[in-house]
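Chemist: My questions concern the predicted model and sequence given below.
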Amino acid sequence: MNRRTMPVTAALAATAALLLTGCGSGDDGESEDKITGADQGDAKSASPSKSAADSVDRPKITLPKDDVLVFEGSKTGDANKDAVLADNAERLRAVDAAIIQSDAKYAPVYFYSTGDAAKTAAESIQSYVDDDLSVTGTVRYFDRTVAFREDGSARLTYCSDESKGFAKERKTGKTLKTKADKNSYVFYDTRLDRNAKGVWQTTAVTSNRGAAQCQP
C-alpha cells in the first residue's frame, strides 16, 4: 500500500475528519478573507529552512536515514513566508517521527499543531501504533504556496508525492510497496496561526488524494 494510505483503524476517523497524516478540519477562509502575497520563490531544499523567529527554542526532531522528507521551495525571498514554510515542514517531520517512535504523545507534534489539527494528528499517529506500522521511503512536498489573510493567519497549500514512500511492518521490517498511481499524489490546504512564542502552528488541514493539480 502507499505510505500515506491509512491503516484500517484510522479509516473511519479519516472519513469523518478529512484528515491525512495528522490533518484536521477544512478551512474555507479563502472565500471570506482577502489573501495577499500568494506568490512564492523557486528555491528548492531537502531540509526546511530556519524560521524567522530564530530566538524560539524549537524541539530537535530526528528521522532515521530510511525516512526522507524533501521540501521544495523553502526559500521564497520573503522572511515571513519562509517562516510559515519552515514550521509546516517541522510539523510534517514531527508526525513522521511520532509514527516511527510509536508515540502518539510525541511533544514536537503539538509544538507545531493545535486545535483540530493537533487532535486529528494524535488519532492518525495512534492508528499506526495500533496497527504496529511505521513509515519508510521518500516523500516530496512541492508547489508550496503561502498567502496571508487580513486576520493574520496564513494559508499554505502544497502537494505531496508519496510514490516512493510506504508503510512498514514494525515487527518484520517488511516494506508494504505498491505501484505508484494517481493516488500517490495529494493536495493539502492548511491554515496556520502564529502563537505568542512566534511559532506558526497548523490549526486546520484538508486534503485531496489523487488531486489533478498534483499529478506529474
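Modeler: Received the coordinates, thanks.

Chemist: Relative to residue 102, how far out is the residue positioned nearest the centre of the chain?
Modeler: Centroid-nearest residue in the chain, with C-alpha atoms, centre = their mean: residue 92, separated by 3.8 Å. From residue 92 across to residue 102, the span is 18 Å (C-beta to C-beta, to the nearest Å). Every C-beta, even on glycine, is put in place using the N, C-alpha and C of the backbone.

Chemist: top helix in the chain by residue count?
Modeler: helix 79-100 (DSSP state H).

Chemist: Against which helices or strands is that helix packed?
Modeler: strand 67-72, helix 107-111, helix 115-130, strand 133-149, strand 154-169, strand 185-194, strand 200-209 (3 or more C-beta pairs under 8 Å, 6 or more residues apart in numbering; DSSP states H and E).

Chemist: And these: which comes nearest residue 78?
Modeler: For the helices and strands packed on helix 79-100, distance to residue 78 was read as C-beta to C-beta. The smallest value, 8.0 Å, belongs to strand 133-149.

Chemist: between the closest one and strand 154-169, how many degrees?
Modeler: Interaxial angle, strand 133-149 versus strand 154-169 (axes from the mean of the first three to the mean of the last three C-alpha atoms, to 10 degrees): 170 degrees.

Chemist: Could you tell me the phi and psi values at the most far-flung residue of the chain relative to its centre?
Modeler: In the chain, counting by C-alpha atoms, centre = their mean, residue 172 sits farthest out from the average C-alpha position, at 26.8 Å. According to degrees, to the nearest 10, the main-chain angles of residue 172 amount to phi -90, psi -20.

Chemist: May I have the beta-bridge partners of the closest residue to the residue nearest to the centre of the chain other than its chain neighbours?
Modeler: Excluding the flanking residues, the one nearest residue 92 by C-beta to C-beta, 6 or more residues apart in numbering is residue 69, at 6.1 Å. For residue 69, the beta-bridge partners are residue 139 (DSSP bridges).
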